[in-house]
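In: Quick check, what structure comes out for this input:
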Amino acid sequence: MNEQPFRTVTNLRKSGNLQEAWNVGFAALEHSPQDAYLKGALFWVCYEFIKQQQEKISKRAASSNNFRPSDFEFERIEDLLQTIASFDIPTGGFEYKMLLVQFKKNLEWFPSLVNLVLRHQSALFDDESKKPFQAEKGEVPSLMLSTARQVASAWLRLNKNGQLDLNQVLGFINLTRQQVSDTKHLIWLDYDQSKCLIVSGQYEQARELLLPILRKKQKEAWAWGALAATYQKQDRSLALKFFAKGIVSAHDVTFSLKLLQGVIPLLLANQQFIEASMCLKTALQAYQSNGWKVKPELEQLMNQPWYDASVDENELKAFLKSLCRDVIEYLHGPTEKVIGVIENIHKSEKGFQVFVNKSITWSVRMGIHKSNLKPQAGDYVELSLSVNGNEKEVVASVPSQPVELADVSTIEGELRIAPKGFGFVEDTFVPPFVIGDIVNESRVTVLRIMAWDKTKARHNWKAIKLEQVEVVSTLMPDFDDIPF
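Out: Numbers count the residues shown, from 1 in each chain. As a prediction, this is how the structure comes out:
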């Protein structure tokens, strides 16, 4: 009894005879073009050939982290992907999931696979593929989310050639956002979508995605650079302001190179040649100090008559800070300023509580507090509150000089510590964590607030900071000990 072609192909593949499996399978397919089992067997032959090429790419990328295929690898893999697409294998099986896993690092380089994803959309992903994977080093994005990000990356690379339809790409991104259970990594999908919208000139829609990102990532240069890009063709002064904020926010100058390049044309348009020269010189020095080849576009700028290589680039930071000093207003809309005193630091040390008066306190995230020193209880801070209808939110915090506040005062007296660890100074309650290592009956100054006492159902004075007073001795010296 003759073996069915799909079994022959499968057995040849499993024995390592891929080329023979290919030859036998496609010869049989000419006679039985509708044989679904044969197409399924040939899918796995194509998959094994693709895997061989991907292993070469991964081995090369181990040191460079560059998963881009060579021209030969690209053509070979693209041919195999087109062959797979021609099989029109039904979704819902194991085939496409394994294929997408195989391309988790470089899907964006292969238009045939991207188009296959856009054609089938969420039908390619089972429930497991829509859930993030919990690895030892943290949460790994779901297969559907990582695929959507690569599809966005592919469009950004191929949009000039018209190989991919933007509406399909955006549709898949929105579908992904609705269906995946990722939470931690969704912000990056929003960022990818915003970049597509910027390139396609849909600036308002891009800003709607970017502003929530920026409110969480105010210290990231790339986020400010993306917002600046939405204004480059609409409002040059705002674009300049946001580029400036991005450059001064960069943790290292290498993270601001794209922004330095982006801001130069805006400065030139304002006839600010000295400042443009500072930006270019800063960028060039970063390339030189890292031993990188300078980009051709930077070399072209360097040869322009406006460029002055003798400028003092150290003055650039002060100039940029002056440009972006009011940038918070654009990020959150009009803000209201209030001054309060830090009541306590949260146990997690990720935030602190600010007392404004006995009716108003605010919780502040540590990440939005701008200071070179770690905040402590008793420090005065100025808060910026964004106003959205009847809702207010703390969007920034900076140190402030002490001011007179209602329901805040300072007294001096003797600390009396109770057996349970808490204490009193006159009528002011002192929590144990405020006392610290100060001993009983010490003379102290107390910074106190009028806080709500749940036990007595009324407001009472509560200490938030103690400082021990050094007692100066008033005893007369023993003259027998004086050497004269």
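In: Residue 191: what's it in contact with?
Out: Residue 191 makes contact with 209-210, 213, 223, 226, according to Cβ atoms under 8 Å, 6 or more residues apart in numbering. Quick note: C-beta positions are derived from backbone N, CA and C, even for glycine.
In: State the number of residues packed around residue 253.
Out: Applying other Cβ atoms under 10 Å, we find 16 residues neighbouring residue 253.
In: so residue 410 sits right up against residue 449, yeah?
Out: No: assessed by Cβ atoms under 8 Å, residue 410 is found out of contact with residue 449, at 10.8 Å.
In: Of these two, which one has the most company?
Out: For residue 410 versus residue 449, the count of surrounding residues by other Cβ under 10 Å is larger for residue 449: 24 against 12.
In: which SS state does the more buried one fall under?
Out: Using DSSP: H, G, I helix; E, B strand; the rest coil as the criterion, the local structure at residue 449 reads strand.
In: From residue 362, how far out is the spatially closest residue to it that is not a sequence neighbour?
Out: With Cβ to Cβ, 6 or more residues apart in numbering as the measure, residue 355 is the residue that lies nearest to residue 449, at 4.9 Å, once sequence neighbours are left out. Summarising the geometry, the distance separating residue 355 from residue 362, computed by Cβ to Cβ, to the nearest Å, is 9 Å.
In: list residues touching both of these two?
Out: residue 340.
In: neighbour count winner among the two?
Out: Neighbours were counted for residue 355 and for residue 362 using other Cβ under 10 Å; residue 355 has more, 22 against 19.
In: I figured that one hits residue 339, correct?
Out: No: using Cβ under 8 Å, residue 355 is not in contact with residue 339, being 10.6 Å away.
In: What residue spans form the domains of this protein?
Out: Here the domain assignment for the chain is 228-331, 333-399, 408-468, based on automatic domain parsing.
In: measure the first one end to end?
Out: Looking back up the chat, that one is domain 228-331. Between the start and the finish of domain 228-331 there is a gap of 12 Å, counting by Cα to Cα, to the nearest Å.
In: State the mean pLDDT of it.
Out: In this model, domain 228-331 carries a mean pLDDT of 93.
In: repeat for stretch 352-367
Out: In this model, stretch 352-367 has an average pLDDT of 94.
In: what does that stretch contact?
Out: Outside stretch 352-367, the residues that reach it (Cβ under 8 Å, 6+ apart) are 218-219, 338-346, 349-351, 369, 375, 377, 381, 383, 385, 394, 397, 405-408, 449-452, 459, 464.
In: if I look at the residue lying closest to residue 186 once chain neighbours are set aside, how far off is residue 170?
Out: For residue 186, ignoring the flanking residues on the chain, the nearest one in space by Cβ to Cβ, 6+ apart is residue 177 at 6.5 Å. Distance, residue 177 to residue 170, using Cβ to Cβ: 11 Å.
In: Tell me where the stretch 1-150 of the chain has strands.
Out: Per DSSP state E, counting those that start in this stretch, the stretch 1-150 of the chain has strands spanning 133-135, 138-140. These are given in chain order.
In: So which of these is nearest residue 183?
Out: With respect to residue 183, and counting by Cβ to Cβ, the nearest of the strands of the stretch 1-150 of the chain is strand 138-140 at 8.6 Å.
In: Other residues contacting the closest one?
Out: By Cβ under 8 Å, 6+ apart, the residues outside strand 138-140 that reach it are 132-134, 182, 184-185.
In: One more: stretch 149-164?
Out: Counting by Cβ under 8 Å, 6+ apart, the neighbours of stretch 149-164 from elsewhere in the structure are 103, 107-109, 111, 114-115, 117-118, 141, 166, 169, 172-173, 188-189, 192-193, 195-196, 199-200.
In: Out of these, list just those in helices.
Out: The helices, defined by DSSP state H, take in 111, 114-115, 117-118, 166, 169, 172-173, 188-189, 192-193, 195-196, 199 from the contacts of stretch 149-164.
In: What subset of the residues you listed is buried?
Out: Neighbour-count burial (16 or more other Cβ atoms under 10 Å) is assigned, among the ones in helices among the contacts of stretch 149-164, to 111, 114-115, 117-118, 169, 172-173, 188-189, 192-193, 195-196.
In: would a markdown table of those with distance to residue 14 and pLDDT be doable?
Out: As requested, these are exported to a markdown table (distance: Cβ to Cβ, whole Å; pLDDT from 0 to 100):
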| residue | distance to residue 14 | pLDDT |
| --- | --- | --- |
| 111 | 31 | 94 |
| 114 | 30 | 96 |
| 115 | 30 | 94 |
| 117 | 28 | 96 |
| 118 | 33 | 95 |
| 169 | 38 | 96 |
| 172 | 35 | 97 |
| 173 | 39 | 97 |
| 188 | 39 | 95 |
| 189 | 39 | 96 |
| 192 | 39 | 96 |
| 193 | 42 | 97 |
| 195 | 44 | 96 |
| 196 | 42 | 96 |
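In: picking up where we left off before, most packed of the domains of the chain?
Out: Using mean count of other Cβ atoms under 10 Å, the stretch among these with the largest mean neighbour count is domain 228-331, at a mean of 17.
In: so how far is that domain off the chain centroid?
Out: Counting by Cα atoms, centre = their mean, to the nearest Å, domain 228-331 is centred 22 Å from the centre of its parent chain.
In: Also stretch 441-454?
Out: Here stretch 441-454 is found 41 Å from its chain centre; the criterion is Cα atoms, centre = their mean.
In: isn't the residue nearest to residue 186 right up against residue 187?
Out: No: look at residue 177 against residue 187 with Cβ under 8 Å: they stay out of range, at 10.9 Å.
In: Now for the closest residue to residue 451 other than its chain neighbours: which residues touch it?
Out: Closest residue to residue 451 apart from its sequence neighbours, by Cβ to Cβ, 6+ apart: residue 462 at 4.1 Å. Contacts were defined as Cβ under 8 Å, 6+ apart; by that measure residue 462 touches 428-431, 448-451, 453.
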